[in-house]
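> Have a look at this prediction, sequence included:
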Amino acid sequence: MIAPTLQHLLTRRRFLSHTSAGLGMAAVASLIGESALAQGRTHFPPRAKNVIYLFMAGGPSHIDLFDHKPTLRQRHGQDIPPSVLGTQRVTLMTRDQGRFQTAGSPLRFVKHGRSGQEMCELFPHLGTCADEMCIIRSIHSEPINHDPAVTFMQTGRPQPGLPCMGSWLSYGLGSESRDLPAFVVMLSGFRDQPIPTRYYHSGFLPGQHQGTFFQADGDPVLYLSNPQGIDQSVRADTVDAINGLNRLRLAQVRDPEIEARISSFELAFRMQTSVPELLNIAGETQRTRQSYGPEVDTPGTFARNCLLARRLVQRGTRFVQIFHRGWDHHSNLLESLRRQTSAVDQPAAALIKDLKNHGLLDETLIICGGEFGRTAYGQGNLSGNFGRDHHPRCFTYWLAGGGIKGGLAYGKTDDFGYNIVENPVHVNDLHATVLHCLSIDHQRLTYRFGGRDFRLTDVAGDVVEGLLARA
């Protein structure tokens, strides 16, 4: 058995640097993939190659959007039975309000497609994709506050400092593109919830696997443009000179972060050409642009980011994550839901159809959901603009494409949408299933750090076979 300290040092790139081919061979490896998994030695045949994760930051209300509960309307204003409430913690925002009154949804639900998938009336466009979607109504988590809950959904544990799912996939599968990052992050929506960089951080994985953030204003990636007075040839000579010094230092100390810096400098130089081409959507047909809705021409909107997500996976980016903020509805529930669904309904549906039209849906897994759901009881006066509190015990995600069974409603909650009664899916189970769709055994994709082997699913997680389409 290799000693822990030595085993930590023997990364695949360190091994390459000790062979006769040296760093030259490592450079070749970087062109064909960052890992052994990326070089055709995956654990089993892949169902998907890429992921687009539409993260609805703030916690969308499952019982107002995807999990129809007529009982809530019938019992509107009545106290929720203690047998339903159980022992779940509640936040300080509702703990002392006195009563936990059942709050019926103000929205009508509609059945869509041959599968009869139920969604609220605010999803007319997404409803046309019902037969492509797998709606999981039995996701459950543990943290009840936003920051640890988002961290849990991103990294498989509520504690900060661990690699997120995008970083794990970048590490395990690499990128199919030489000129774009393997993992890209974009933001949209209201700025009512912070999205710190640690939500898309590589943690203890090598630094090149961190998400690359695309800005809506100015340079899409910081310092992408050349400084005034510096042309492309000078920039290239500068990068070569700096990396030459870095390679000398790397040969001396074998620090993987120096290697990550070399890779980042080289990729950043190539991105000066590839990123402007990516962001120029003028070449898209008018029909395609119109399908995403009127906001597609405005940088930083959910519509624009969805179109860019399709363009990114089309060019080989492995993992695209869009954080859409504004789903934390403690008051003004109906008005807030209308605002949010108006922004996401048409673009999300267009993304599914656009991927399908380009022959990419079968190899691209779309994931959509937030960090938790909302309570069946109301927050505030039910006769006014009430809201809903945080609810991690059960909530809804939907998936489409990439090896997932379409037209499926999976899992079931009780009549109050408060507890799971059939086919629970823990966050770790969801992560295990996503990795499975991308040909990875979640128990075998590990990284040794601090004396133990870490993985995205930590020490739990099972692949949910019922979500998978037949191979």
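Sure, I can see it.
> And the strands in the stretch 151-300 of the chain?
Taking DSSP state E, counting those that start in this stretch as the criterion, the stretch 151-300 of the chain carries its strands at 183-189, 212-213.
> Adding distance to Thr273, write those strands out as JSON lines.
Where you see a C-beta, it was placed from the backbone N, CA and C, and this is true even at glycine. Shown next, in JSON lines, are the strands of the stretch 151-300 of the chain (distance: least, C-beta to C-beta, whole Å):
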{"stretch": "strand 183-189", "distance to Thr273": "16"}
{"stretch": "strand 212-213", "distance to Thr273": "16"}
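> So which of these is the most surrounded?
Highest mean neighbour count among the strands of the stretch 151-300 of the chain (mean count of other C-beta atoms under 10 Å): strand 183-189, with a mean of 25.
> Give the pairing partners of that one; include direction for each.
Its sheet considered, strand 183-189 pairs with strand 212-213 (parallel), strand 319-325 (parallel) by DSSP bridges.
> Wait, Phe372 touches Arg388, no?
No: applying C-beta atoms under 8 Å as the test, Phe372 and Arg388 come out as separate, 10.8 Å apart.
> between the two, who's got more neighbours?
Between Phe372 and Arg388, Phe372 has the larger neighbour count (other C-beta atoms under 10 Å), namely 29 against 26.
> Quickly note the distance from that one to Thr457.
19 Å (C-beta to C-beta, to the nearest Å).
> just checking, Arg318 touches Ile52?
No: look at Arg318 against Ile52 with C-beta under 8 Å: they stay out of range, at 10.5 Å.
> Now do the SS call for the residue nearest the centre of the chain.
The centre of the chain sits closest to Tyr53, judged by C-alpha atoms, centre = their mean, with a distance of 3.2 Å. What DSSP: H, G, I helix; E, B strand; the rest coil gives for Tyr53 is strand.
> which ones are touching it?
Going by C-beta atoms under 8 Å, 6 or more residues apart in numbering, Tyr53 touches 165-166, 319-322, 366-368.
> again, only this time at 7 Å
Contacts for Tyr53 (C-beta atoms under 7 Å, 6 or more residues apart in numbering) come out as 321, 367.
> looking at the sheet around it, what are its partners?
Residues in beta-bridge contact with Tyr53 (DSSP bridges): Gln321, Ile367.
> separation between it and Ser233?
Relative to Ser233, and taking C-beta to C-beta, Tyr53 is found at 38 Å.
> Please apply the same query to Gln443.
Separation of Gln443 from Ser233 (C-beta to C-beta): 49 Å.
> out of those two, which sits in the busier spot?
Gln443 (16 against 8).
> Just give me the neighbour total for the residue lying closest to the more buried one once chain neighbours are set aside.
Setting aside the residues directly before and after it, Gln443 is nearest to Arg455 in space (C-beta to C-beta, 6 or more residues apart in numbering), at 6.7 Å. Other residues lying near Arg455 total 23 when counted by other C-beta under 10 Å.
> Tell me the pLDDT of Arg455.
Per-residue pLDDT puts Arg455 at 96.
> what does Ile32 give?
Listed pLDDT for Ile32 reads 34.
> With Ala3 instead?
Ala3 carries a pLDDT value of 39.
> Check the gap between Gln443 and Met133 for me.
Counting by C-beta to C-beta, the separation of Gln443 from Met133 is 28 Å.
> ditto for His201
Noted for His201: a distance of 30 Å to Met133, by C-beta to C-beta.
> what does Ile242 give?
According to C-beta to C-beta, Ile242 and Met133 sit 47 Å apart.
> Which one of those two is surrounded by more residues?
Applying other C-beta under 10 Å to Ile242 and Met133 shows that Met133 carries more neighbours, namely 30 against 13.
> Any buried residues in stretch 289-300, and which?
Buried residues in stretch 289-300, counted by 16 or more other C-beta atoms under 10 Å: 289, 291-293, 295-296, 299.
> what does stretch 374-388 give?
Buried residues in stretch 374-388, counted by 16+ other C-beta under 10 Å: 374-380, 382, 386-388.
> ok, now stretch 358-375?
Residues of stretch 358-375 classed as buried: 360-361, 363-375 (neighbour count, 16+ other C-beta under 10 Å).
> burial count for the residue nearest to Gly450 when sequence neighbours are not counted?
Of all residues not flanking Gly450 in the chain, Phe204 sits nearest, at 7.6 Å (C-beta to C-beta, 6+ apart). Residues lying near Phe204 (other C-beta under 10 Å) number 15.
> what's the answer for Phe152, then?
So Phe152, with other C-beta under 10 Å, has 20 neighbours.
> do you know how far the residue nearest to Val320 when sequence neighbours are not counted is from Phe449?
Take Val320 and drop its neighbours on the chain: the residue closest to it by C-beta to C-beta, 6+ apart is Ala309, 4.4 Å away. From Ala309 across to Phe449, the span is 30 Å (C-beta to C-beta).
> more crowded one of the two?
Neighbour comparison, Ala309 and Phe449: the larger count goes to Ala309, with 27 against 15 (by other C-beta under 10 Å).
> The closest residue to Thr273 other than its chain neighbours: how many residues sit nearby?
Closest residue to Thr273 apart from its sequence neighbours, by C-beta to C-beta, 6+ apart: Asp179 at 7.1 Å. Burial of Asp179 is recorded as 17 neighbouring residues (other C-beta under 10 Å).
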